[in-house]
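Colleague: Using only what follows, build the 3D model:
(one chain, ligands or ions: 1)
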Amino acid sequence: MCERMFVKSRTASILHADLDSFYASVEQRDDPALRGRPVVAGGGVVLAASYEAKRFGVRTAMPEYAARRLCPDLIVVPARFDAYSQASRDVFAVFHDTTPLVEGISIDEAFLDVGGLGRISGTPLEIATKLRRDVRELVGLPITVGVARTKFLAKVASGVGKPDGLLLVDPDHELEFLHPLPVDRLWGVGAITADKLGARGIRTVGEVAAMDPAVLTSIVGTASGRQLHALAHNVDARRVETARRRGSIGSQQALGRRRRTRDEIDVILLRLVDRVTRRMRRADRAGRTVTLRFRFQDFSRATRSSSLPQPTSATEPLLATARAVLDNAWSMIDERGGLTLIGLSIGNLVDLGDGAGVQMALPFERSASEVLDAALDAVRDRFGAASLTRAATVGSDADAGVPMLPD
Ligand SMILES: [Mg+2]
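Modeller: Purely as a prediction, here's the structure:
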């Protein structure tokens, strides 16, 4: 018998996260005078239009003179690609902090698989809500998230949910959501295909689904006919594919607006080191370079790093290095004030699994710190990440609400 068992996931746990009017939103974030106004980033041609400008019919790729004709009050600002790349990196840091399964699609959108995160992280809807809040608070940008059982539906959902929205497609009502939508919501249907279909009276996804596939391919071609037929019937088995293994592993913590003492920052740092090194040990990776990223109330940022002579995944040496980096940065932090985020990443990673030049310490050679790491990891693997916290983090508000034992 060559029958394959195929268990369809019934849970909507794929997120499509897409920044709204990305370049224009960065411009509005950085210049309060532009907020609420019709803005385009570009010059000559429109690269991105704010929602206020879109309301006048201004669209990406439109010549500037045409956009000005539609919207006489239009403000055109020159594109600042450095600022956009930095904002993109900041947003992807939030994505990677949400789940290890991130598939970047472009500078401002990604798929995230949150299915395996377990109950500690919450439901996909709770995770998506937190993701949106984090992007708003940490990067200062609006983002729309679609949540669904498949990548295709998640992307459709984010498109429908825009701007600044969150939309979950209930797995039990997928076709009810999909079929009334206009055909150009289908992946791969541009203006030309939509026109061809429209000429035959086909305007909704449901109408595409009802078509004879042979007729459909005769109109739009074989490849795209097959794809449209599958999508209109809600068939999409693609998984979220992560890019090459990352060269660094990191995490970050928002600090809110209250001014933090040095001791409070130290506790947060300990938690970050704990979280990141545990992830490294789980992935059998070791790293040498400790980087701290700081964000301030005015969205300015600073980065400081330091390297160890040897790669390690042990908490103690990496924590000592992180503390030294924090020490060196402290006068700068104190001077700027308004620290709103601290991020930690460990770079220059090597695999421990493939003997890539790292001597694995034998169990009896392990330091007390490594034995403690292994013991803590074992408990957390069994009971969840929040089941144990190191003594130093107990009682700080960084851990407020986190139970000491699984409920
Ligand atoms: Mg976008």
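
Colleague: From now on I want contacts and neighbour counts done on CA atoms only, so please keep to that.
Modeller: Noted.

Colleague: ok, and for stretch 10-17, which residues are buried?
Modeller: Under the neighbour-count criterion of 16 or more other C-alpha atoms under 10 Å, stretch 10-17 has Thr11, Ala12, Ser13, Ile14, Leu15, His16, Ala17 buried.

Colleague: just for the stretch 51-200 of the chain, where's the confidence low?
Modeller: Low-confidence segments of the stretch 51-200 of the chain, defined by pLDDT under 70: 118-119.

Colleague: Going along the chain, name the strands of it.
Modeller: For the stretch 51-200 of the chain, strands defined by DSSP state E, counting those that start in this stretch occupy the ranges 75-78, 102-106, 109-113, 143-148, 166-168.

Colleague: picking that back up, the ion: which of the buried residues of stretch 10-17 is nearest?
Modeller: Ala17 (8.3 Å; C-alpha to the ion).

Colleague: Assign a three-state SS to that closest one, would you?
Modeller: What DSSP: H, G, I helix; E, B strand; the rest coil gives for Ala17 is strand.

Colleague: was I right about it contacting Ile107?
Modeller: No - judged on C-alpha atoms under 8 Å, Ala17 makes no contact with Ile107 at a distance of 11.4 Å.

Colleague: Of all the residues in the stretch 51-200 of the chain, which one is nearest the ion?
Modeller: For the stretch 51-200 of the chain, C-alpha to the ion, closest residue to the ion: Asp108, 5.3 Å.

Colleague: domain assignment for this structure?
Modeller: Domain assignment for the chain, taken from automatic domain parsing, gives 1-171, 179-232, 248-403.

Colleague: From one end of the second one to the other, what's the distance?
Modeller: Distances were taken as C-alpha to C-alpha, to the nearest Å; on that basis the terminal residues of domain 179-232 are 7 Å apart.

Colleague: now it, how far from the chain's geometric center?
Modeller: 31 Å (C-alpha atoms, centre = their mean, to the nearest Å).

Colleague: Show me which residues of stretch 337-355 are buried.
Modeller: So for stretch 337-355, counting by 16+ other C-alpha under 10 Å, buried means 338-347, 349-352.

Colleague: nope, stretch 185-198 is what I meant
Modeller: Arg185, Leu186, Trp187, Val189, Thr193, Ala194, Asp195, Leu197.

Colleague: Is Ser307 bridged to anything, and to what?
Modeller: Thr289 (DSSP bridges).

Colleague: Share the number of residues neighbouring it, please.
Modeller: Neighbours of Ser307 under the rule other C-alpha atoms under 10 Å: 18.

Colleague: Turn the buried residues of stretch 337-355 into TSV, including distance to the ion, pLDDT and secondary structure.
Modeller: Shown next, in TSV, are the buried residues of stretch 337-355 (distance: C-alpha to the ion, whole Å; pLDDT from 0 to 100; DSSP: H, G, I helix; E, B strand; the rest coil):
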residue	distance to the ion	pLDDT	secondary structure
Gly338	29	86	coil
Leu339	28	91	strand
Thr340	25	88	strand
Leu341	24	89	strand
Ile342	26	93	strand
Gly343	25	93	strand
Leu344	27	95	strand
Ser345	26	92	strand
Ile346	29	93	strand
Gly347	29	87	strand
Leu349	31	82	coil
Val350	34	79	strand
Asp351	34	73	strand
Leu352	38	70	coil
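
Colleague: Please name the residues that touch the closest residue to Phe95 other than its chain neighbours.
Modeller: Using C-alpha to C-alpha, 6 or more residues apart in numbering and skipping residues adjacent in sequence, the residue nearest Phe95 is Val102, 6.8 Å away. For Val102, the contact set (C-alpha atoms under 8 Å, 6 or more residues apart in numbering) comprises Phe95, His96, Ala110, Phe111, Leu112, Asp113, Val240, Glu241, Thr242, Ala243.

Colleague: which residues does the second one contact?
Modeller: Contacts for His96 were tallied using C-alpha under 8 Å, 6+ apart; they are Val102, Ser251.

Colleague: Next, find the distance separating it from Met62.
Modeller: Distance from His96 to Met62, by C-alpha to C-alpha: 34 Å.

Colleague: How much space separates the most centrally placed residue in the chain from Asp284?
Modeller: Geometric centre of the chain, nearest residue: Phe95, 2.0 Å, by C-alpha atoms, centre = their mean. Using C-alpha to C-alpha, Phe95 is found at 22 Å from Asp284.

Colleague: Ok, Tyr23 next?
Modeller: 38 Å.

Colleague: repeat for Phe111
Modeller: 25 Å.
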